[in-house]
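Peer 1: Fold the following, please.
(2 chains)
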Amino acid sequence: MSITGAKDGSIQYLTPSLLTRYKIRFNRFWHLYTDSPFGLIGIFLVLLFVGMGVFAPILAPYDPNRPMVGDRSDNPSLSHPLGTDRLGRDIFSQMIFGAQVSLLIGLSAAFISLVIGTFIGLTSGYYGGFIDLLLMRITDFFIQLPTLPLMLVVVSLFGGGMENLILIIGFLGWTGTARIVRSETLSIKQRAFVEASKSVGAGNRHIIIGHILPNVFPLIFANAILGVVNSIIAEAGLSFLGFGVVGSWSWGRVLYEAGRENAILLGSWWHFIPPGISIMLLALGFSLISFSLNEVLNPRLRER
Amino acid sequence: MSLKSYIARRALDSIFLLIVTVVFNFVLFRIMPGNPALAVLGRTGQVRPEFREALQIRYGTNLPIWDQFVIYLQRLLEGDLGFSFYYYPTPVSDLIFSHRLLNTVLLMGISILLSFILAIIFGTIAASKFKSKTDLVSIFITLTSYSTPVFWVGMLIIFYFFGQFHLIPLSGSPRLEDPKYADFFAWALDYCYHLIGPVTTLTISFVGAWFLIARDQMLGVFMEDYITTARAKGLKERRVLFVHARKNAMLPMISVLALAMTYLVSGATLTETVFSWDGIGLLTFDAVTYSDYPLLQGLFLLVAAVAIFSSFLADIIYAYLDPRIRY
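Peer 2: Got it, this is the predicted structure:
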C-alpha cells in the first residue's frame, strides 16, 4: 500500500487489486516451493503419468484385455516392447492403462480420507470436551491398527472391485489428516478474529466454515497429497495379493499376474520391473510435492 | 494430574476401547449377508453334516443375535476363539499361538530394531547437515523408499540376490521339528539364513517411513540453546549430536516404537507372502483368501488388543518422561 498526493492535495490510498495481491502471494509461495529442486521434479513426474493416463487409448498399441495379440509369454520385441503374458496379452498396453487406475484410485481415495479427516479434526478441535476425547481415542486406535490387514478383513467381507477399493482405502486413511486438522483448529480458534466473530454473534457453523477451514486448508492440502501416496501404495498391495480391480488394469494387478506366472524365477524382468518402477515414480512424484509443500507451510521449518 | 491418576484414566480409556473392539469384532462379522455358518456353507456348497452341526452349536446360529453375543463373550472369556473353517477342526488359538507367532515376532522384532537404529543415525546426520547435499540426497532416497511398494522390493531382492547372485535362499521359514536339522544350531543357522531376505526388505521400508520423523525431531532439538552452548564449549560435533541432542529427540520416537509394537504381532502380510514366511501376516492372507471368518476374527482381536495396549504403554512412558504431557 502506498500513499500519494493527488493534484487537488487530498490523499489517496492505492491498494493493489485483488488479482495483484494473489499474484504477489503466489510468487512468494512459488519462490519458497522451488527452493529445492524436489517440488519441480514432483510436478514433472505427476504430469508425466497424468499424460500417460489421459492419452492411454492413443498411446497403448493394443487393447490390454485382448488375448492372443501375440504369442503366449513372449519375450520383448519391437511389436511388444514388454513382451506378452500367458494369455498373449500385451504387457506394455497394460502398463499404459495402469496409470489410469492408479491415479483414479489414488486421487479419489485420498479425497474421501480428506473429507472425513477434515470433518473429524474440525469437530474435535472446535468443540473440545467429551466429543474431542471420544473422537481422538477412536483416531488413536485407528492410527495404531496396521492398515493392510484391516483393509484385507474389510475386502474379504465386502468384496473387491474398483468402487469398494476406493471406499475401503478412503475410509481407512483419514487418521493423519484428522490429527493435523485438530491441532491447527485448536490454535486458530484462540486467535482474535475468531473471538471478534463470536462477539458479533456468528454461529459455530459460520466460524468453522468461514474462518477456521480456510486457515487450515493449506495444511490439509499438503497432507492430502501424502494421502494420495498412501492410497496408491495400498491399492498396489491389495491388487498384488489378488483383491484388486477386475476388468481394468492397475500396476498392482500386472504385478499380481507376474507373480502368478512365476516371472521372478523365470527371469522375465520385463513383466515385474516396469510396473514396480511406475508405482514408485508416481508415488515419489506426489511425495516430493507433499514434502516441498510442507517445507513452505510448516512455519517451524521456515524460520531457519 | 499425578502420574498415578493419569495412568488410571488411560487404563479406563483402554478398557473402554477394548470393549468397543470386542463388540465391533462381533458385529462386523455378523452384518454379513446371512451369518458365518451360512457364509461358509454358501461358498463351499456341499458340507459334511457334522460340520454344519458343529457350526450351529459353536455359534448358536439359530438363536437370536443377543444370545449369540452372550455365547461369543463366554467362549472368548474361556480363551476359546472358535474353530477355523479352512483348517477345521483346528482351533483358531492353536493356529495363531504357534510357530507362526514366533516367526512373526522374530522377523518383525529384528527388522524394527535395525530400522529404528538406522533411522536415528541417518536422521541425526541429515539434520546436522541441514540443507546440504547430504541432507537433500538422504531425503530423496528415503522418500523414494517410502514411495516403493514393500512387496516389490521383496520381489527385486529375490530376483537379484536369489536368482542372479545366489546369496540368499528363495523363501520359507525353517521349522525346528524338521528332521533334516541335526541339532538346534543347525536349525538356528538356517533360520538366520532365511531371515536375510525379508529382514532387508522390511528394513528398507521402515527406514523410509521413520527417517523423516527422526530428522524432524533432531532439527527441533538443534534449535535449542543448550546445543549451541555445547558446541560453544568446544565439544566434538559427534558428541554433541549423539549424546546431547539425541536424548531429547528420542522422546517423540517412542510413539513410533509403540506403533511398531503392533506390527510385531500383526506381521507384514505382503513381505511374508512374497517370501512365504510362515507367520501371522501369511496366516491373515490365507484367512482372507479362504474366507475363514473365525480365524480373521481371532487375528483382528489379537492385533487390536495389542494396538490398544501398546498405545497405553506409549502414553505412560511419555507422561513419565515428560510431566508436561499429563494435561
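Peer 1: Leaving out sequence neighbours, find the closest residue to A:Asp35.
Peer 2: Leaving aside its chain neighbours, A:Asp35 sits nearest to A:Glu295 (6.9 Å; criterion: Cβ to Cβ, 6 or more residues apart in numbering or on different chains). C-beta coordinates here come from the backbone N, C-alpha and C atoms, glycine included.
Peer 1: Settle this for me: the one you found is touching A:Thr34, isn't it.
Peer 2: No. Applying Cβ atoms under 8 Å as the test, A:Glu295 and A:Thr34 come out as separate, 10.7 Å apart.
Peer 1: between these two, which one's more packed in?
Peer 2: Regarding A:Glu295 and A:Thr34, a neighbour count based on other Cβ atoms under 10 Å in any protein chain shown identifies A:Glu295 as having more, with 17 against 14.
Peer 1: Would you mind measuring from A:Gly83 to chain B?
Peer 2: A:Gly83 sits 16 Å away from chain B when distances are taken as Cβ to the nearest Cβ, to the nearest Å.
Peer 1: Now do the same for that residue: its pLDDT.
Peer 2: Taken from the predicted model, the pLDDT recorded for A:Gly83 is 78.
Peer 1: is chain A contacted by the host helix or strand of B:Ile117?
Peer 2: Secondary structure here is read from DSSP states H and E; on that basis B:Ile117 sits in helix B:99-128. No. Counting by Cβ under 8 Å from any Cβ of the partner chain, no contacts exist between helix B:99-128 and chain A, the nearest distance being 10.5 Å.
Peer 1: could you point out which element follows that helix?
Peer 2: helix B:133-147.
Peer 1: And that next one, what does it pack against?
Peer 2: Packed against helix B:133-147 by the contact rule (3 or more Cβ pairs under 8 Å, 6 or more residues apart in numbering or on different chains; DSSP states H and E) you find helix A:38-54, helix A:213-240, helix A:269-297, helix B:99-128, helix B:184-222.
Peer 1: could the ones you listed go into TSV alongside mean pLDDT and distance to A:Ser187?
Peer 2: Conversion of the helices and strands packed on helix B:133-147 to TSV gives the following (pLDDT from 0 to 100; distance: least, Cβ to Cβ, whole Å):
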stretch	mean pLDDT	distance to A:Ser187
helix A:38-54	94	26
helix A:213-240	89	9
helix A:269-297	91	14
helix B:99-128	91	25
helix B:184-222	89	17
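Peer 1: Reformat these as a markdown table; add distance to B:Val22.
Peer 2: As requested, these are exported to a markdown table (distance: least, Cβ to Cβ, whole Å):
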| stretch | distance to B:Val22 |
| --- | --- |
| helix A:38-54 | 43 |
| helix A:213-240 | 27 |
| helix A:269-297 | 36 |
| helix B:99-128 | 21 |
| helix B:184-222 | 30 |
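Peer 1: In the stretch 51-200 of chain B, which residue sits closest to chain A?
Peer 2: Of all residues in the stretch 51-200 of chain B, B:Ser147 sits closest to chain A, with a separation of 3.5 Å (Cβ to the nearest Cβ).
Peer 1: got the contact list for that residue?
Peer 2: B:Ser147 sits next to A:Val229, A:Ile233, A:Ile279, A:Met280, A:Leu281, A:Ala283, A:Leu284, A:Phe286, A:Ser287, B:Gly208 when contact means Cβ atoms under 8 Å, 6 or more residues apart in numbering or on different chains.
Peer 1: Closest to B:Leu282 out of these?
Peer 2: Using Cβ to Cβ, A:Ile233 is the member of the contacts of B:Ser147 that sits closest to B:Leu282, with 19.8 Å.
Peer 1: excluding its backbone neighbours, what's nearest that closest one?
Peer 2: B:Pro149 (5.6 Å).
Peer 1: Look up how far B:Asp183 lies from that neighbour.
Peer 2: With distances defined as Cβ to Cβ, to the nearest Å, the gap from B:Pro149 to B:Asp183 amounts to 39 Å.
Peer 1: In terms of pLDDT, where does the residue of the stretch 51-200 of chain B closest to chain A sit?
Peer 2: Looking at B:Ser147, the pLDDT reads 93.
Peer 1: Verify the contact between B:Arg231 and B:Leu241 for me.
Peer 2: No. Under the criterion of Cβ under 8 Å, B:Arg231 makes no contact with B:Leu241, lying 10.1 Å away.
Peer 1: So for these two, which residue has more residues nearby?
Peer 2: Higher neighbour count among B:Arg231 and B:Leu241: B:Leu241, with 22 against 15, using other Cβ under 10 Å.
Peer 1: List the residues that contact the more buried one.
Peer 2: For B:Leu241, the contacting residues are B:Thr124, B:Ile125, B:Ser128, taking Cβ under 8 Å, 6+ apart as the criterion.
Peer 1: distance of the last one from B:Ala214?
Peer 2: With distances taken as Cβ to Cβ, B:Ser128 is found 12 Å from B:Ala214.
Peer 1: what does the first one give?
Peer 2: Relative to B:Ala214, B:Thr124 is positioned 7 Å away (criterion: Cβ to Cβ).
Peer 1: re the thing from before, which one of B:Pro149 and B:Asp183 is surrounded by more residues?
Peer 2: Counting neighbours by other Cβ under 10 Å for B:Pro149 and for B:Asp183 shows that B:Pro149 has the greater number, 26 against 8.
Peer 1: Name the residue of the stretch 201-304 of chain A that lies nearest to chain B.
Peer 2: Scanning the stretch 201-304 of chain A for the residue nearest chain B gives A:Ala283, at 3.5 Å (criterion: Cβ to the nearest Cβ).
Peer 1: tell me, how many neighbours does that residue end up with?
Peer 2: For A:Ala283, the count of nearby residues is 27 (other Cβ under 10 Å).
Peer 1: Skip the chain neighbours and tell me the closest residue to it.
Peer 2: Take A:Ala283 and drop its neighbours on the chain: the residue closest to it by Cβ to Cβ, 6+ apart is B:Ser147, 3.5 Å away.
Peer 1: How about A:Leu40?
Peer 2: The spatially closest residue to A:Leu40, leaving aside those adjacent along the chain, is A:Thr34, at 6.1 Å (Cβ to Cβ, 6+ apart).
Peer 1: Please parse chain B into its domains.
Peer 2: Each domain of chain B is listed here as a residue range: B:3-89, B:99-321, per automatic domain parsing.
Peer 1: Could you dump those into CSV with distance to A:Arg86 added?
Peer 2: Conversion of those to CSV gives the following (distance: least, Cβ to Cβ, whole Å):
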stretch, distance to A:Arg86
domain B:3-89, 27
domain B:99-321, 18
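Peer 1: and the ones you listed, which one is worst for confidence?
Peer 2: When mean pLDDT is averaged over each of the domains of chain B, domain B:3-89 scores lowest at a mean of 74.
Peer 1: how far does that domain stretch from start to finish?
Peer 2: When the termini of domain B:3-89 are compared using Cα to Cα, to the nearest Å, they are 47 Å apart.
Peer 1: and the residue of the stretch 1-150 of chain A found nearest chain B, how many neighbours does it have?
Peer 2: Minimum separation of the stretch 1-150 of chain A from chain B (Cβ to the nearest Cβ) falls at A:Gln144, amounting to 3.9 Å. The tally of other residues near A:Gln144 (other Cβ under 10 Å) stands at 24.
Peer 1: Who are the contact partners of the closest residue to it other than its chain neighbours?
Peer 2: Among residues not flanking A:Gln144 along the chain, B:Ala307 sits closest, at 3.9 Å (Cβ to Cβ, 6+ apart). With contacts taken as Cβ under 8 Å, 6+ apart, B:Ala307 has the following neighbours: A:Phe141, A:Gln144, A:Leu145, A:Pro146, B:Thr262.
Peer 1: A:Ala236 too?
Peer 2: Under the criterion of Cβ under 8 Å, 6+ apart, the contact partners of A:Ala236 comprise A:Ser102, A:Ser250, A:Trp251, A:Gly252, A:Leu255, A:Ile279, B:Pro149, B:Phe151, B:Trp152.
Peer 1: quick one: the last one and A:Ile232, what's the gap?
Peer 2: B:Trp152 sits 12 Å away from A:Ile232, going by Cβ to Cβ.
Peer 1: so what sits against both of the two?
Peer 2: A:Ile279.
Peer 1: Next one: the residue nearest to A:Gln144 from B:Val153, what distance?
Peer 2: The gap separating B:Ala307 from B:Val153 is 25 Å, by Cβ to Cβ.
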